[in-house]
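**Q** Fold the following, please.
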Amino acid sequence: MPLAKAVGSHVPNKVGTFRPRFKVTKNQVFGRAIKNEYLALGTFATAFTGAFLATRGGEKKAPPADVKQAKAEVPINAGSKDEEDFIRKFIAEAEKEGASASH
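**A** Numbers count the residues shown, from 1 in each chain. Next up is the predicted model:
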């Protein structure tokens, strides 16, 4: 058995030159013949590029410099002004208790 036939990449034709064993298929895209290999590479490139762009994250917001700035940035979503006042008083009392307990 010839080496080329054992490898399977080429088969000799009648003249003695080698031709590809498998026929290269092409698809018509916008009127042009495109090899299947190029379509597969394009599909992989599109999929991996899309995945990379989707998972790289957005802008990173800097953490607040101190506690006062953090408190100012956190909104209190209350239904009324009375509820908001109650929440603020509760937080202030809890901070006073926490400060006195830690010292």
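
**Q** Could you give the separation of the host helix or strand of Glu95 from the chain centroid?
**A** Assigned by DSSP states H and E, Glu95 belongs to helix 81-102. Its chain's C-alpha centre and that of helix 81-102 lie 42 Å apart, by C-alpha atoms, centre = their mean, to the nearest Å.

**Q** what's the answer for stretch 47-67, then?
**A** 10 Å.

**Q** can you list contacts of that stretch?
**A** Identification of contacts with stretch 47-67 by C-beta atoms under 8 Å, 6 or more residues apart in numbering yields Ala70, Glu73. (Each C-beta comes from the backbone N, C-alpha and C, glycine too.)

**Q** Straight-line length of that stretch, end to end?
**A** 44 Å (C-alpha to C-alpha, to the nearest Å).

**Q** quick one: average confidence on it?
**A** For stretch 47-67, mean pLDDT rounds to 87.

**Q** buried ones in that stretch?
**A** When burial is assessed from 16 or more other C-beta atoms under 10 Å, stretch 47-67 yields no buried residues.

**Q** Might one say that Ile34 is in contact with Thr25?
**A** No - judged on C-beta atoms under 8 Å, Ile34 makes no contact with Thr25 at a distance of 10.2 Å.

**Q** quick one: which of those two has more around it?
**A** Just comparing Ile34 and Thr25: by other C-beta atoms under 10 Å the higher neighbour count belongs to Ile34, 13 against 9.

**Q** Confirm that that one sits in a helix.
**A** No - Ile34 is assigned strand when assessed by DSSP: H, G, I helix; E, B strand; the rest coil, not a helix.

**Q** residue contacts, it?
**A** Each residue near Ile34 by C-beta under 8 Å, 6+ apart is listed here: Lys26, Asn27, Gln28.

**Q** Which ones among the residues you listed lie within helices?
**A** Among the contacts of Ile34, no member falls in helices (DSSP state H).

**Q** quick revisit: I'd like to know which elements the helix holding Glu95 is packed against.
**A** Using 3 or more C-beta pairs under 8 Å, 6 or more residues apart in numbering; DSSP states H and E as the contact test, no helix or strand touches helix 81-102.

**Q** how about the CA coordinates for that helix, as PDB?
**A** Presented in PDB, the C-alpha positions along helix 81-102 are these (Å, rounded to 0.1, in the frame of the first residue of the first chain):
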ATOM      1  CA  LYS A  81     -41.700  61.600  54.500                       C
ATOM      2  CA  ASP A  82     -42.700  60.200  57.900                       C
ATOM      3  CA  GLU A  83     -41.300  56.800  57.000                       C
ATOM      4  CA  GLU A  84     -38.000  58.300  55.800                       C
ATOM      5  CA  ASP A  85     -37.700  60.300  59.100                       C
ATOM      6  CA  PHE A  86     -38.300  57.100  61.100                       C
ATOM      7  CA  ILE A  87     -35.700  55.200  59.100                       C
ATOM      8  CA  ARG A  88     -33.100  58.000  59.600                       C
ATOM      9  CA  LYS A  89     -33.800  58.100  63.300                       C
ATOM     10  CA  PHE A  90     -33.500  54.400  63.600                       C
ATOM     11  CA  ILE A  91     -30.200  54.300  61.800                       C
ATOM     12  CA  ALA A  92     -28.900  57.200  64.000                       C
ATOM     13  CA  GLU A  93     -29.900  55.300  67.200                       C
ATOM     14  CA  ALA A  94     -28.400  52.100  66.000                       C
ATOM     15  CA  GLU A  95     -25.100  53.900  65.200                       C
ATOM     16  CA  LYS A  96     -25.000  55.400  68.700                       C
ATOM     17  CA  GLU A  97     -25.600  52.000  70.300                       C
ATOM     18  CA  GLY A  98     -22.900  50.500  68.100                       C
ATOM     19  CA  ALA A  99     -20.400  53.200  68.900                       C
ATOM     20  CA  SER A 100     -21.000  52.900  72.600                       C
ATOM     21  CA  ALA A 101     -20.800  49.100  72.600                       C
ATOM     22  CA  SER A 102     -17.500  49.000  70.700                       C
END
